[in-house]
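Chemist: 3D model of this:
(2 chains)
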Amino acid sequence: MAVKFRDYYEVLGVPRTASADEIKRAYRQLARKHHPDLQPAAERAKAAERFKEINEAHEVLRDPDKRSKYDALGAGWKSGADFTPSPGGGEGAADAPEWEDLGGFSDFFASLFGRPTGRASRDGVRIMVPGSDVEAELPVTLEELLRGGRRRVTLGGSRSLDVEIPLGARAGSMLRLAGQGEPGAGGGPPGDLYLRLRLIPQPRFRAAGDDLEMDLPLWPWQAVLGADLRIETPDGPVTLKVPAGTQSGRRLRLRGRGLPRGDGGRGDLYAVVRIVVPARPSAAEREAYETLKRGASAPADRPAGE
Amino acid sequence: MKTPARTPLKVSIVNGPVRTELRMSADELAAAAGISPTMLARLVRLGLIEPAAEGSAEFTAASARRLRRMLRLRRDLGVNLTGAAIIVDLLERFERLEAELAHLRGGP
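Modeler: Numbers count the residues shown, from 1 in each chain, chains lettered A, B, ... in the order given. Modelled structure (predicted):
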C-alpha cells in the first residue's frame, strides 16, 4: 500500500545535516508557535493538526535509530510523493492501520516504524501518546443549576454522553469528565473533556455567586404603606412582606432560596425594589394624587427641587 | 505519565451518566494530572495551583485543566512550571477577554 512521503526535515525547517541541538531548537521554536494550548479556542483544532506533524517529525529526527532509518530512504523524496514501504518496513505496513488508531502519527510513520504501541515493537519503537483534552461549552438552564440534573451532550456529532450537572455548579463553572476527551494511542490514556457551563439567560432571575436576584416592581402606595405580595420564586410562589416605607433599590432578602452550594446549604434570593408610577393615570388616580399633593406634609427627607 | 490507563470510548452512545467532577480532592487532582501528591503539594505551596477557596482542601475541576495544560507546556516547550503557570494565567485572561468580546459583539 502506498502512503504519502513526509519530509521531516522540511517540517522542522532544518537541513538534513542538522545536529541534535539544531533539531531541538527548531522543534522548540515551532512548538512555541503552534502549540494548541497557546492558540485561541477557535484555532486550536487546526493548530493541533499542525502540531502533530511537528511532533512526528521531532519524534523521528530526535531519535538516532529512527533518524538513520529514515535517512536510509535517501534524499530524493519529495513531500507528498507516493511511498511504497519495503517488505522490511515496520510492522504496521502490512495491516494498513487506520489513521485514528495512530494517535496522530501518519500512516507514513507507521509504515516505517510500526504502529505506536505501548510495548516495544520489533524495531524497539515504543510510543505512548496521551489523547488531547477537549473543551466545550454547555448551556444550562437556571432550573438545572437549582436542582441538578442529567443532560445528554453530543460531542462533534459523533457520540453522546449523559452528563450529570452537580449541585453547586454555577454559570462559568467547569466540569471535568475524566477520560472523555480524545483517545490516546499506544496505551496512552485518553484526554479529559472539560465543559464550561453557560447560563441560558431568562428574564426573571439573575445569578450573582450563590445568590439570585429578581426585580420587584412596586406601586408608590405599596412602597409607602407596605404590602403582602405573592411573588414567584424558583421554589414556587411565596408571600413576601414589604415593609411600610420601602425605598426604591432596597433589597428584600428571602433566606435560603438562592442557588444550592456543594455543602448542602443554599444562597439567598433578593427581591430588588423598583418603584413604578402609573404612566397613564386614570382620572380617579389623578385626583388621588392631587389630594396627596395637597395633603402631603413637608418631610425632612423630601426630594430636591420640590 | 502515571495516569491509570482508561479505555477509550468507541461506542456512539454511553449509557448512564459519566462521572462528572466539579470539585476534586488533592489526591484526585494529582492523579488527574499524573503527578504525585507530594509534587502537587509543592505546586500549591508555590502558589502555582490554588485551592477552590482559601483554606479549602478541595480544588475546582478547572484547576485540573490548568495543571494538565501547565504540564503539557513544560513537556513541549521546555519551560519550567513557574513559566508555564504564567503562560496559563495569561491565556486564561485572554480567553476571558475573548469571551467578553464575543458577548459584546452579540455572539452567544
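Chemist: which other residues reach stretch B:68-79?
Modeler: A:28, A:31-32, A:35, A:37-38, A:133, A:192, B:32-35, B:48, B:80-81, B:83-85, B:87-88, B:91 (CB atoms under 8 Å, 6 or more residues apart in numbering or on different chains). Every C-beta, even on glycine, is put in place using the N, C-alpha and C of the backbone.
Chemist: so which bits of it are buried?
Modeler: Neighbour-count burial for stretch B:68-79, counted by 16 or more other CB atoms under 10 Å in any protein chain shown, picks out B:68, B:69, B:70, B:71, B:72, B:73, B:74, B:76, B:77, B:79.
Chemist: one step back: which PyMOL command selects the buried ones in the contacts of stretch B:68-79?
Modeler: If you want just the buried ones from the contacts of stretch B:68-79 in PyMOL, going by 16+ other CB under 10 Å, the selection is:
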select buried, (chain A and resi 31+35+37+38+133+192) or (chain B and resi 32+33+35+48+81+84+85+87+88+91)
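Chemist: tell me where the chain has strands.
Modeler: Assuming you mean chain A. With DSSP state E, the ranges of strands along chain A come out as A:3-4, A:82-83, A:134-140, A:149-155, A:159-165, A:174-177, A:193-199, A:205-208, A:211-218, A:227-233, A:236-242, A:251-254, A:269-275.
Chemist: wait, I meant chain B there
Modeler: B:13-18, B:23-25, B:58-60.
Chemist: of the ones you listed, which shows the lowest average pLDDT?
Modeler: Among the strands of chain B, strand B:13-18 carries the lowest mean pLDDT, at a mean of 61.
Chemist: reformat the strands of chain A as JSON lines; add distance to chain B and mean neighbour count.
Modeler: Listed next are these as JSON lines, based on distance: least, CB to the nearest CB, whole Å; neighbours: other CB atoms under 10 Å in any protein chain shown:
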{"stretch": "strand A:3-4", "distance to chain B": "24", "mean neighbour count": "16"}
{"stretch": "strand A:82-83", "distance to chain B": "28", "mean neighbour count": "14"}
{"stretch": "strand A:134-140", "distance to chain B": "8", "mean neighbour count": "16"}
{"stretch": "strand A:149-155", "distance to chain B": "6", "mean neighbour count": "14"}
{"stretch": "strand A:159-165", "distance to chain B": "4", "mean neighbour count": "19"}
{"stretch": "strand A:174-177", "distance to chain B": "4", "mean neighbour count": "23"}
{"stretch": "strand A:193-199", "distance to chain B": "5", "mean neighbour count": "20"}
{"stretch": "strand A:205-208", "distance to chain B": "15", "mean neighbour count": "17"}
{"stretch": "strand A:211-218", "distance to chain B": "16", "mean neighbour count": "18"}
{"stretch": "strand A:227-233", "distance to chain B": "24", "mean neighbour count": "13"}
{"stretch": "strand A:236-242", "distance to chain B": "26", "mean neighbour count": "12"}
{"stretch": "strand A:251-254", "distance to chain B": "23", "mean neighbour count": "15"}
{"stretch": "strand A:269-275", "distance to chain B": "22", "mean neighbour count": "19"}
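Chemist: closest one to residue B:42 among those?
Modeler: Ranking these by distance to residue B:42, with CB to CB as the measure, places strand A:174-177 first at 22.1 Å.
Chemist: quick one: low-confidence residue ranges for chain B.
Modeler: Applying pLDDT under 70 to chain B flags residues B:1-17, B:107-108.
Chemist: how about 80 then?
Modeler: Within chain B, the ranges that satisfy pLDDT under 80 run B:1-18, B:106-108.
Chemist: again, but for the stretch 1-150 of chain A
Modeler: Low-confidence segments of the stretch 1-150 of chain A (pLDDT under 80): A:1-3, A:41-42, A:45, A:74-107, A:109-129.
Chemist: what residues does it have near chain B?
Modeler: A:28, A:31-32, A:35, A:37-38, A:40-41, A:128, A:130-131, A:133, A:135, A:137, A:139, A:150 (CB under 8 Å from any CB of the partner chain).
Chemist: now, among those, which is nearest to residue A:262?
Modeler: residue A:150 (17.8 Å).
Chemist: contacting residues for the closest one?
Modeler: Here residue A:150 is in contact with A:162, A:163, A:164, A:165, B:17 (CB under 8 Å, 6+ apart).
Chemist: what's the answer for residue A:230, then?
Modeler: Counted by CB under 8 Å, 6+ apart, residue A:230 has contacts A:237, A:238, A:239, A:240.
Chemist: then residue B:24?
Modeler: Residue B:24 touches A:176, B:32, B:58, B:59, B:60, B:61, B:63, B:64, counting by CB under 8 Å, 6+ apart.
Chemist: bridging residues for it?
Modeler: residue B:59 (DSSP bridges).
Chemist: that one and residue A:206, how far apart?
Modeler: 29 Å (CB to CB, to the nearest Å).
Chemist: over to residue B:92?
Modeler: 24 Å.
Chemist: now residue A:245
Modeler: 26 Å.
Chemist: so residue A:20 touches residue A:62, yeah?
Modeler: Yes. With contact defined as CB atoms under 8 Å, residue A:20 counts as touching residue A:62 (7.0 Å).
Chemist: residue contacts, the closest residue to residue B:28 other than its chain neighbours?
Modeler: Nearest non-adjacent residue to residue B:28, counting by CB to CB, 6 or more residues apart in numbering or on different chains: residue B:21, 7.3 Å away. Contact analysis of residue B:21 by CB under 8 Å, 6+ apart lists A:175, A:176, A:177, A:178, B:28, B:61, B:64.
Chemist: where along the stretch 51-200 of chain A do the helices fall?
Modeler: In the stretch 51-200 of chain A, the helices defined using DSSP state H, counting those that start in this stretch lie at A:64-71, A:107-113, A:142-147.
Chemist: need the winner for burial among the ones you listed.
Modeler: helix A:107-113 (a mean of 24; mean count of other CB atoms under 10 Å in any protein chain shown).
Chemist: so what secondary structure elements neighbour that one?
Modeler: Identification of packing neighbours for helix A:107-113 by 3 or more CB pairs under 8 Å, 6 or more residues apart in numbering or on different chains; DSSP states H and E yields strand A:3-4, helix A:44-61, helix A:64-71.
Chemist: adding distance to residue A:225, write those out as TSV.
Modeler: Converted to TSV, these look like this (distance: least, CB to CB, whole Å):
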stretch	distance to residue A:225
strand A:3-4	83
helix A:44-61	59
helix A:64-71	86
